[in-house]
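**Q** coordinates only, no sequence provided:
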């Protein structure tokens, strides 16, 4: 594609100017403000309705000395191109639109419109745009005609996507894994997932591990507080004393049996021992059941503590957000008050015009119709300016008003969330208090067992029968019975102490299990960290392969396709470099232009499309590489008060 001719008429104050390129490289010289950049903007506006800086909203109209747009002028850009050996002429006209108000007969300004032409034939905007995009898409045009567009304007994601397209697409996972022996386990680890999906899966597992680990110290603390106190107790001594007491009990029971008369006494004594053994069995079972119930309640209490903690944290966070929103509301209300004051000030402004009715040069009276026309134009200008300012203030007020509504709505949602959480918190605290009371009650309660009551009654009856059989040995039997009761009491006390050791052992085992779970989770977290490292190493290796493949396509331009974070994570990017220096934070203007041309050369070969290249500030680079494209150089020259054009005679290599 070659530019043959570019003509401007009143475009951005250019007056009439024609750039005769004739398909050759041209250089345009002029001091600042003479319209060099205007030529590039005219080229861009003709094709895409934007200036050279990619802006749609820019001043097309010619301005007077007071910086006011001149009325009644058409603003035109026309260009002739050679495309595939054929010439085509495109033209766009920016015009004022005037309409006659019904009933007044006066014409008033009502806006602007564009007219489009292809080879002097008027076309609708849609057909015109379709024709231009048929030559090449807008973004492709801008990438290939502006050396700075790819590196400065194009989003990094799009740059990265385009570079991958140029180098033939992405590298395969197997190629990446085979490039580094440290990645040999990765294929087995990720299974059917992608690397990125596996990273997200690992992070989710790590989050769950952290949440579980957070609750373990609370549970360990609860288990520690539930451990029975065994200070001063000796398990071995208790076991020895218990064996001794039980042996003495058997002896005393035999003595009592010997004192009884006949077989009935022996039979009754045997029944008494069986009943006492049954009573002891029930009491031991009741004690164990009570300890188990206490342990279960303590576990429920631990869960209640954790829920209270989480709800209180959530409420504090939401209240903090409401405070931040209220501060924003207060600040915006102050702004809105100022806007209302400003609106009334502007609305009160009245039109005034001081104008002489005689010509200051010749002294003759100025015709009334001319005076009225001047006053009418001034009034229209005043009303337009006033309405624009009022609309701007109103729009600002609507913006802040809507923002206030959104903030208040957010606060209402947060308050409802807080209210719900506080209700749940109150319920959780009630549960906590209830469980604490239940634990205290269980620890202090004396279990009631109807079976024991029945057995105690039977025991009492047997003792009475045995006593009646003793006759003359009443005092002896009473003494032995007293001793037996004392022994039974001591045995029960020792068994209770022995049960405390068992309960403590169970509690310590639970604590050990929790600590082991904590260590297991920590080990699992570390294993997952290793998998994350492999995933990040994979991304880095993949990017290194891509960077090598991509950079080989360019002569001087280089590309950085990833950033290594502080935590060694890998984030994709696409930064243009020159000799290792970032394009937008270290390279001078000449280096940026040379790198931009290198990028254009490769991309033109990729697209097989070679449009004209516009190089603004061409004086900043001594020489440029040989290009297959037509080049329009824009030089700042203090010696040229008006635009001066030099055309280069050059032979092009075969190009589109």
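**A** That came through fine. Treat the numbers as computed from the prediction; the structure is a model and nothing was measured.

**Q** who does the helix or strand containing residue 28 touch, helix- and strand-wise?
**A** Residue 28 is part of strand 26-30, with elements assigned from DSSP states H and E. Other helices and strands packing on strand 26-30, by 3 or more C-beta pairs under 8 Å, 6 or more residues apart in numbering; DSSP states H and E, are helix 36-48, strand 631-636, strand 644-647. (Glycine included, C-beta is placed from N, CA and C.)

**Q** note down every partner strand of the second one and its orientation.
**A** Right, the one you point to is strand 631-636. Under the criterion DSSP bridges, strand 631-636 sits next to strand 26-30 (parallel), strand 613-615 (parallel) in its sheet.

**Q** out of these, which gets nearest to residue 367?
**A** strand 26-30 (42.8 Å; C-beta to C-beta).

**Q** what are the contacting residues of that closest one?
**A** Identification of contacts with strand 26-30 by C-beta atoms under 8 Å, 6 or more residues apart in numbering yields 19, 36, 39, 618, 631-637, 639-648.

**Q** ok, now with 7 Å
**A** 19, 36, 39, 632-635, 637, 640, 642-648 (C-beta atoms under 7 Å, 6 or more residues apart in numbering).

**Q** picking up where we left off before, just send the strands paired with strand 631-636 back as TSV, with distance to residue 8, mean neighbour count and mean pLDDT too.
**A** Below are the strands paired with strand 631-636 laid out as TSV (distance: least, C-beta to C-beta, whole Å; neighbours: other C-beta atoms under 10 Å; pLDDT from 0 to 100):
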stretch	distance to residue 8	mean neighbour count	mean pLDDT
strand 26-30	12	21	94
strand 613-615	14	23	95
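
**Q** reformat the ones you listed as a markdown table; add distance to residue 598.
**A** Shown next, in a markdown table, are the strands paired with strand 631-636 (distance: least, C-beta to C-beta, whole Å):
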| stretch | distance to residue 598 |
| --- | --- |
| strand 26-30 | 21 |
| strand 613-615 | 12 |
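
**Q** which of these sits closest to residue 403?
**A** Residue 403 lies closest to strand 613-615 among those, at 41.6 Å (C-beta to C-beta).

**Q** paired strands for the longest strand seen in the chain, with orientation please.
**A** When the chain is scanned for its longest strand (criterion: DSSP state E), the result is strand 86-100. According to DSSP bridges, strand 86-100 has the following sheet partners: strand 75-83 (antiparallel), strand 107-118 (antiparallel).

**Q** and residue 492, what element?
**A** Assessed by DSSP H and E, residue 492 sits inside helix 474-551.

**Q** give me the mean pLDDT for that helix.
**A** Across helix 474-551, pLDDT averages out at 85.

**Q** also stretch 76-90?
**A** Mean pLDDT, computed over stretch 76-90, is 94.

**Q** endpoint to endpoint, that stretch covers what distance?
**A** 11 Å (C-alpha to C-alpha, to the nearest Å).

**Q** and that stretch, what's buried?
**A** Under the neighbour-count criterion of 16 or more other C-beta atoms under 10 Å, stretch 76-90 has 76-81, 88-90 buried.

**Q** which residues sit against it?
**A** 1-11, 23, 42-43, 45-46, 91-93, 118-120, 135.

**Q** want to throw the strands paired with strand 86-100 into a markdown table with distance to residue 193?
**A** What follows is those, written out as a markdown table (distance: least, C-beta to C-beta, whole Å):
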| stretch | distance to residue 193 |
| --- | --- |
| strand 75-83 | 49 |
| strand 107-118 | 52 |
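
**Q** how far does the longest strand of the chain sit from its chain's centre?
**A** Counting by C-alpha atoms, centre = their mean, to the nearest Å, strand 86-100 is centred 46 Å from the centre of its parent chain.

**Q** what does stretch 307-321 give?
**A** With C-alpha atoms, centre = their mean as the basis, stretch 307-321 stands 21 Å off its chain's centre.

**Q** buried residues in it?
**A** Applying a neighbour-count criterion of 16+ other C-beta under 10 Å, one finds 307-308, 310-311, 314-315, 318 buried in stretch 307-321.

**Q** over to stretch 51-70?
**A** Result for stretch 51-70 [16+ other C-beta under 10 Å]: buried residues 51-52, 60-62.

**Q** neighbouring contacts of that stretch?
**A** Stretch 51-70 has contacts (C-beta under 7 Å, 6+ apart) with 10-13, 37, 40-41, 44-45, 49-50, 73, 75, 94, 153.

**Q** still on that earlier bit, just the closest of the contacts of strand 26-30 to residue 194, please.
**A** Nearest to residue 194 among the contacts of strand 26-30, with distances taken as C-beta to C-beta, is residue 632, at 46.1 Å.

**Q** quick one, what contacts that closest one?
**A** 21, 26, 28, 612-615 are the contacts of residue 632 under C-beta under 7 Å, 6+ apart.

**Q** got TSV for those residues, with distance to residue 372 too?
**A** Converted to TSV, these look like this (distance: C-beta to C-beta, whole Å):
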residue	distance to residue 372
21	49
26	50
28	46
612	51
613	54
614	48
615	52
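
**Q** and the pLDDT at residue 265?
**A** pLDDT recorded at residue 265 is 66.

**Q** now do the helices in the stretch 551-656 of the chain.
**A** Assigned by DSSP state H, counting those that start in this stretch, the helices in the stretch 551-656 of the chain fall at 589-607.

**Q** what stretches of it score poorly on pLDDT?
**A** Within the stretch 551-656 of the chain, the stretches with pLDDT under 70 are 566-570, 649-656.

**Q** switch to 50 and redo it
**A** For the stretch 551-656 of the chain, residues meeting the criterion pLDDT under 50 lie at 651-656.

**Q** checking residue 353 next. Helix, strand or coil?
**A** Classification of residue 353 using DSSP: H, G, I helix; E, B strand; the rest coil returns coil.

**Q** ok, residue 206 to residue 186 distance?
**A** Separation of residue 206 from residue 186 (C-beta to C-beta, to the nearest Å): 18 Å.

**Q** hmm, back to that, between the strands paired with strand 631-636, which one is closest to residue 370.
**A** The closest of the strands paired with strand 631-636 to residue 370 is strand 26-30. By C-beta to C-beta, the value is 39.1 Å.

**Q** quick one: the closest one to chain centroid distance?
**A** For strand 26-30, the distance to the chain centre is 49 Å (C-alpha atoms, centre = their mean).

**Q** now the angle from the host helix or strand of residue 406 to strand 107-118?
**A** Assigned by DSSP H and E, residue 406 belongs to helix 368-444. For helix 368-444 against strand 107-118, the angle by axes from the mean of the first three to the mean of the last three C-alpha atoms, to 10 degrees is 80 degrees.

**Q** ok, the residue lying closest to residue 75 once chain neighbours are set aside to residue 58 distance?
**A** Leaving out its chain neighbours, the residue that sits closest to residue 75 by C-beta to C-beta, 6 or more residues apart in numbering is residue 94, at 4.2 Å. Between residue 94 and residue 58 the distance is 11 Å, computed by C-beta to C-beta.

**Q** that older thread, turn the helices and strands packed on strand 26-30 into JSON lines, including distance to residue 195.
**A** Output for those, formatted as JSON lines (distance: least, C-beta to C-beta, whole Å):
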{"stretch": "helix 36-48", "distance to residue 195": "39"}
{"stretch": "strand 631-636", "distance to residue 195": "44"}
{"stretch": "strand 644-647", "distance to residue 195": "55"}
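
**Q** of all the ones you listed, which one comes closest to residue 552?
**A** Closest to residue 552 of the helices and strands packed on strand 26-30, according to C-beta to C-beta: strand 631-636, at 25.4 Å.

**Q** gap between that closest one and the chain center?
**A** So, by C-alpha atoms, centre = their mean, the centroid of strand 631-636 is 44 Å from its chain's centroid.

**Q** with stretch 242-258 instead?
**A** On C-alpha atoms, centre = their mean, the centre of stretch 242-258 falls 78 Å from that of its chain.

**Q** any chance you could list what contacts it?
**A** Here stretch 242-258 has contacts from 265-266, 269, 273, 477, 480-481, 483-484, 487, 490-491, 494-495, 498, using C-beta under 7 Å, 6+ apart.

**Q** kindly report the same for stretch 521-529.
**A** Stretch 521-529 is contacted from outside by 202, 205-206, 209, 212-213, using C-beta under 7 Å, 6+ apart.
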